Every structure is written in C-alpha cells, then in structure tokens.
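> Quick one: sequence plus predicted model below, questions after.
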There are 2 protein chains.
Amino acid sequence: MASNPIGIIDSGVGGLTVVKEMMRQLPNESIIYMGDTARCPYGPRTSEEIKQFTWEMAHYLEKFNIKMLIIACNTATAVALEEIRESLSIPVLGVINPGARAAITVSDKYKIGVIGTEMTIRSKAYENALKMINDEVNVYGLACPKLVPLVESGVIHGDLAEKIVAKSLYPLQTKNIDTLILGCTHYPILQPVIESYFNHKVKVISSGEETAREASAILDHSHMLNKNKHEAPEYKFFTTGSKTIFQSIAKQWLQLEELEVETVKLSKIEYI
Amino acid sequence: MASNPIGIIDSGVGGLTVVKEMMRQLPNESIIYMGDTARCPYGPRTSEEIKQFTWEMAHYLEKFNIKMLIIACNTATAVALEEIRESLSIPVLGVINPGARAAITVSDKYKIGVIGTEMTIRSKAYENALKMINDEVNVYGLACPKLVPLVESGVIHGDLAEKIVAKSLYPLQTKNIDTLILGCTHYPILQPVIESYFNHKVKVISSGEETAREASAILDHSHMLNKNKHEAPEYKFFTTGSKTIFQSIAKQWLQLEELEVETVKLSKIEYI
C-alpha cells in the first residue's frame, strides 16, 4: 500500500505546479498524473460537465491502485471534491482548503483576496472555506479569466504579462488586502509578476504548494508514506490532448529530461 | 466526538504559542492545556524522565475525552511521540514533523538550521525528519540553552536579548543557511530578534504555528472539526506549578482577559 502511487488530476497542465511541489516534498512517492487538456479550461463549463469530467479522471486513475487522490484543479475542487471524497475509500484532497488554511495562518488583518476562474469565484468555495475557519475574515474574490490563456500561451513575464496582470488585479487595489490566494493552479507561474504588482507588500499563497504539504502530513499520519528509498519513484503522465505539447510543457515546468506521457480517451461514465 | 476538546501538553508555558495559533486557526475548538511548569525545562533531563512526564500529562488529559493530542514540546516530541502515538487511538501530533515539512517547502538551497534545547538537538530528531523527506538537505543543528531562560525571565527584546541571541546563534553565521527552524516552542517569542540577527535574509519557521495548521488539516480530513458555531469554545489550563505565574504569562501571550487555570499534581505512572 505504502508504495502505491499518488494520483493527481487536473483540467490541463496547471496541476503540474502541484506535481512539482509533491516531487520536492515527497521525493520517494510515485505519481500518476492526468490532465484533461482536450477539454481545458473547466472555468466556463457547467457544474454537471465539470463533475462528469472529474469523475472520469478519478475512475481512470483508480485502476492504478492509487493510495491518495489530489484534485489539483480549483474549479474541479469547488464543484466535485465533496462528492468524490464521500465515494472513494482513499484520502481525497482538493486545493481549496489547504489554500484557505495557509491564508488564515499568514494574514494579519484578515483581509484576503482570492483570484481564480469565473466558476471558482462564482462558487464562493474559498469564501466558504475561509469563513468556516474564521467568520471574521474579509474575502475579496475576483475572477481573472485572462490569466490562464496568458500562461498557456507562454507569456509569463515582460511588458504584456505585467499589463494584463495589472488590468486583471486592478479591482483589488483599493481593498487593502494583506494576503492573496492564487486560486488557480496556473497562476503560480505568474507569481513574480503578481507579487511585484503589489510591490511585494501582499503575501501570496500558492494553493498547490500548500496542498502538497497537507498531502505529506496526511500520508504521514495515516502511516502511508513510502519509506523505501532504494527504489526510484515512478512518474507517469496521461493527457487527453496532444502528447507532444504536454510533454514539452511538463519537461520545462518539472525540469525533467525524460517524461513518460500517453494520450488517452476518457469515456463517458455514470458519475452517480 | 467533534465537539470534544483538543489536548495540548508541554513542559511549561512554551506550548502556549501553539495554543495561540490553534485559537486563531480553529476558533470553534475547545482546548485543554497542561504545562508541566514544576518540572520544566525538559531539555537537560534523561529520556526516561521525559517519557515518564509526557505520559503522565497524556493520561491526565485522556480523562477529558480529548479527540486529538498535541505534544507541543520539541524535547518531548523527540523522545516520546512515537511511543504515545502507537498507544493511543486518537491522532497524536508532535511539533517536529510539521516544522520539518514547512522548512522543506520554503527552503531554496536546502541549507537548514535548527535551534533547540540540548536534548532536541542531540536526538537529531529534526535532522532525521528532514532527511526522511529529502536526504539531500544539509542540516545544521545548534543547541541554544540560554534562550529558554531568557524568555522565561521576560527578556524578549532590547540590548541584552540581542546580545544573547547573537552569541547563541553565532555558530550558524558561516553556514550560509536560508531557513531556520525554531525547534523549541519558547523561541517564537524571540522571533523578531532572531530575524533581525540574520538581517531578515533567513526564513524563520515556527514549528508551533505549522503544527496548528497540520492539526487543522488532519481534523478536517478525519471529519472531526467542530462545525457548531453556536456554542463558544472552552479553554481550560492546568499547570503543575504556580497558578498565579502561569495565569499571568498565559493571559499576556494569549491576550485573554479571563483564564481558568488549575494547579494539579501528576502522579507517577507506569508509562507502558
């Protein structure tokens, strides 16, 4: 059981920021990743579609006897986490609660901004998670639909990136926030631009990074960490889209020279 | 079950830094704290004594049907955590693994300093925890026996505090560390002095704060968070020493006007 892989699912390549942090914090663990690149982004889709797609990925990875499932997509977490967690017998983590807990830890004034896709912001999932912890917190949610395309097109620094980040974040300028949650796993790629937009005066939380930490804590407490250091961990990646594009992005982000990627077709399933 | 209190034990008042962070991150949870002030500090004691004392406190709090036990003392964690965790049926957390995990997350160069009592440093508990996560990390452990008396005597800023901190931390100056773990729950009180000794160029990790975060994550994943917001949480404090001194320190640290403290006598028990 302890040597079984950890499953990570995402709407596309954004969840690779979680994989990167997992590899750093849990270098003995094998990881199987599934990115639904062909149907990305999930942000503008209906809840029913998002649930359906997330279940399809979860079922696909279940076949590999994963010991834990991480939903590394904020939109999918907002819509499908509770349902999937209740159905599976392994621990299932989303990215929202870890991000919310980290924000509560570092915020002094409890004025917390959250940026994400339209669906994530509309779901108020972060707001609910933050208020569940402490209902005195002030939350300012802002949908930033232009940032995912920016990252996907590789424009991650320079004038254009700064301009689009500034325009997207402008509504938060007057809110006097002291902490900002990056509520989309694509956004950490833009973190330097975002931090300098706020003159480094706002604490920026990457939900993906925080999720990797909680995964590590939960595996430890469930006695499920792989303590066998003599066998190298295995990394396997599946995408529903182009293998070549996925491979090139993943190699760059994860700084790996070799990477096993396979394109798969997910079939429509009854998701309960 | 969800409304049962969380038990926190410590060799004295240092664990109140954990309590403070727990109150912030889990404002609905009731807490029962036991500080073994009469026999503090544990640092210079034998392993057998430390195990004995820690078990006595754990048994005392078990009577209150605690749903989780936090060993908020680094020395007691280093010596007694594994044994207590294996014996009790509730989740038992120490402060060392959460601190180690946080350090791995924030460290860029994997050059990590750890300061603590003599016993904590001699046990190599942090070094083992860090290397268990990633064996490429460089760990520099340093015992700082002068810092607990400094805090206990209330000298927490000003010339004298700066001088003693500088003298204690001097051996780390040439190690080029990028992260420092405060491996004793007394040290966060000196955090501003420690940070300025390193010209704010070293990331300082408070193990207590990190433990509160993990406690929150584990309660959430075990469906044990108290979600009833209509009943105010209860805080109860026990000390083996002076009620008046404990009360005055705790009120100041926790910024509470009223605080229920009781002095108790722990009896020698068979600890296995």
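Yep, that arrived.
> Can you get me the start-to-end distance on stretch A:26-39?
29 Å (Cα to Cα, to the nearest Å).
> for stretch A:31-44, that is, sorry about that
Its first and final residues considered, stretch A:31-44 spans 28 Å by Cα to Cα.
> buried ones in that stretch?
Neighbour-count burial for stretch A:31-44, with 16 or more other Cβ atoms under 10 Å in any protein chain shown as criterion, is recorded at A:31-43. Quick note: C-beta positions are derived from backbone N, CA and C, even for glycine.
> ok, those residues vs chain B, which is closest?
residue A:31 (15.5 Å; Cβ to the nearest Cβ).
> Which residues are in contact with that closest one?
Residues in contact with residue A:31 (Cβ atoms under 8 Å, 6 or more residues apart in numbering or on different chains) are A:5-8, A:19, A:22-23, A:233-236.
> JSON lines for the residues you listed, including distance to chain B?
JSON lines is the format used below for the contacts of residue A:31 (distance: Cβ to the nearest Cβ, whole Å):
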{"residue": "A:5", "distance to chain B": "18"}
{"residue": "A:6", "distance to chain B": "15"}
{"residue": "A:7", "distance to chain B": "16"}
{"residue": "A:8", "distance to chain B": "17"}
{"residue": "A:19", "distance to chain B": "15"}
{"residue": "A:22", "distance to chain B": "11"}
{"residue": "A:23", "distance to chain B": "10"}
{"residue": "A:233", "distance to chain B": "12"}
{"residue": "A:234", "distance to chain B": "18"}
{"residue": "A:235", "distance to chain B": "16"}
{"residue": "A:236", "distance to chain B": "22"}
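> Poorly predicted segments of chain A, please.
Along chain A, segments meeting pLDDT under 70 span A:268-272.
> and the contacts of residue A:31, which are buried?
A:5-8, A:19, A:22-23, A:233, A:235-236.
> Now for the residues you listed: which two are most distant?
A:7 and A:23 (14.6 Å; Cβ to Cβ).
> which residues in the stretch 151-272 of chain A form strands?
A:179-182, A:203-206, A:235-239, A:261-263 (DSSP state E, counting those that start in this stretch).
> Ok, which of those strands comes nearest residue B:149?
strand A:203-206 (33.3 Å).
> in its sheet, what does the closest one sit against?
Using DSSP bridges, the strands paired with strand A:203-206 in its sheet are strand A:179-182 (parallel).
> Among the contacts of residue A:31, which pair sits farthest apart?
Spatial extent of the contacts of residue A:31 (Cβ to Cβ) is set by the pair A:7 and A:23 at 14.6 Å.
> what helix or strand does the nearest residue to residue A:254 once chain neighbours are set aside sit in?
In this structure, residue A:254 finds its nearest non-sequential neighbour in residue A:20, 5.6 Å apart by Cβ to Cβ, 6 or more residues apart in numbering or on different chains. Element membership of residue A:20 [criterion: DSSP states H and E] is helix A:16-25.
> Quick check: next helix or strand after that helix?
strand A:31-35.
> What segments of the stretch 1-150 of chain A are strands?
Under the criterion DSSP E, counting those that start in this stretch, strands of the stretch 1-150 of chain A are mapped to A:6-10, A:31-35, A:68-71, A:92-94, A:111-116, A:138-143.
> For residue A:261, list the residues it contacts.
Taking Cβ under 8 Å, 6+ apart as the test, what residue A:261 contacts is A:237-239, A:243, A:246-247, A:250.
> just residue A:208 next, same as before
A:15, A:17-18, A:21, A:72, A:95, A:185, A:188.
> ok, now with 10 Å
A:8, A:10, A:14-22, A:70, A:72-74, A:95, A:98-99, A:182, A:184-188 (Cβ atoms under 10 Å, 6 or more residues apart in numbering or on different chains).
> Equivalent analysis for residue A:66, please.
Going by Cβ under 10 Å, 6+ apart, the list of residues near residue A:66 reads A:4-9, A:30-32, A:58, A:88, A:90.
> Phi, psi for the closest residue in space to residue A:132 that isn't next to it in sequence please.
Take residue A:132 and drop its neighbours on the chain: the residue closest to it by Cβ to Cβ, 6+ apart is residue B:227, 7.4 Å away. When read as degrees, to the nearest 10, the backbone of residue B:227 gives phi -100, psi 0.
> do the same with the one 5 residues further on
As for residue B:232, its main-chain torsions (degrees, to the nearest 10) stand at phi -70, psi 140.
> How much space separates it from residue B:28?
For residue B:232, the distance to residue B:28 (Cβ to Cβ, to the nearest Å) stands at 9 Å.
> Looking at these two, which has the bigger crowd around it?
residue B:28 (19 against 9; other Cβ atoms under 10 Å in any protein chain shown).
> wait, that one sits on residue B:234?
No. Using Cβ atoms under 10 Å, residue B:28 is not in contact with residue B:234; the gap is 11.1 Å.
> So for the two, which residues contact both of them?
Counting by Cβ under 10 Å, 6+ apart, the shared contacts of residue B:28 and residue B:234 are residue B:3.
> ok, back up a step: chain B versus the residue nearest to residue A:254, what's the distance?
Between residue A:20 and chain B the computed distance is 12 Å (Cβ to the nearest Cβ, to the nearest Å).
> residues in contact with the residue positioned nearest the centre of chain A?
Note on chain A: the residue nearest the mean C-alpha position is residue A:72, at 3.4 Å, using Cα atoms, centre = their mean. With contact set as Cβ under 10 Å, 6+ apart, residue A:72 has these partners: A:7-11, A:14-19, A:22, A:33-35, A:93-95, A:185, A:207-208, A:211-212.
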